[in-house]
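A.B. asks: can't give you the sequence, but here's the structure:
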């Protein structure tokens, strides 16, 4: 009996250690830095706690709940949005130097860039999204992890971090037989995409795609009836090839899992 108790204790300690190491590793993966420097910015929120107003948006992701982003998102000011090139990038944000509104020991949040906070030149002040200001318009759920919602606006520190996503990169096919639009989401690593190539099984060569807007990439080639492969390159220069992602009988508006991620 004593031997069994000792064995059980050893197993439980081992499980605890493995769990702790896994948790630490997951936290490390989620906050690995693209840039270790912290930068000054401000943050507000839009919508309510349900986040309905944060869906869709200027990056073209669509339903953020359906696609796994949920409420962990942000709309970026002109200075950060970079004409949509930053769509999909991840940022770590913490409330800074405002003891009246910042929650003590709130830590930080990580959000994905999914929308644009447009500038407003019609009034002289309070236009936090006007260039050259760096600003994050968060979902209310994310803002209230850092500060009281009554604050309205808070000073923050931010930095780029690598995105940690579950599963493979996802490809949604839109368009019509004369042009094909590919929406890419759930992109890990750097998160923001700088180049996409597509190849049909009967084409034989890689065709460059043009960024249509946000995370939507376009080709004017007719690729219906062919299996589709992709080469995707993120902003840090890392490229992954996704072979035969969509079978020959794919249909428009279907979503396919690339099975790999950055």
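C.D. replies: Thanks, I have the structure now. Because the structure is predicted, anything quoted here is derived from the model rather than measured.

A.B. asks: check which helix or strand covers residue 217.
C.D. replies: Assigned by DSSP states H and E, residue 217 belongs to strand 216-219.

A.B. asks: over to residue 157?
C.D. replies: strand 154-161.

A.B. asks: just give me how far that strand sits from the chain centre.
C.D. replies: 16 Å (Cα atoms, centre = their mean, to the nearest Å).

A.B. asks: so what does it touch, helix or strand wise?
C.D. replies: strand 39-46, strand 90-95, helix 140-146 (3 or more Cβ pairs under 8 Å, 6 or more residues apart in numbering; DSSP states H and E). (Each C-beta comes from the backbone N, C-alpha and C, glycine too.)

A.B. asks: in the longest one, which residues are buried?
C.D. replies: Think strand 39-46. 41-46 (16 or more other Cβ atoms under 10 Å).

A.B. asks: just for the stretch 51-200 of the chain, where's the confidence low?
C.D. replies: 124 (pLDDT under 70).

A.B. asks: let's see 90
C.D. replies: 51-57, 62-63, 66-68, 121-127 (pLDDT under 90).

A.B. asks: all helices for the stretch 1-150 of the chain, in order.
C.D. replies: 2-31, 78-81, 140-146 (DSSP state H, counting those that start in this stretch).

A.B. asks: could you tell me the least trusted of these?
C.D. replies: Mean pLDDT is lowest for helix 2-31 among the helices of the stretch 1-150 of the chain, at a mean of 40.

A.B. asks: show me the strands in the stretch 151-262 of the chain, by range?
C.D. replies: 154-161, 170-176, 179-185, 193-200, 207-208, 210-213, 216-219, 228-234, 239-246, 255-257 (DSSP state E, counting those that start in this stretch).

A.B. asks: noted, bye for now.
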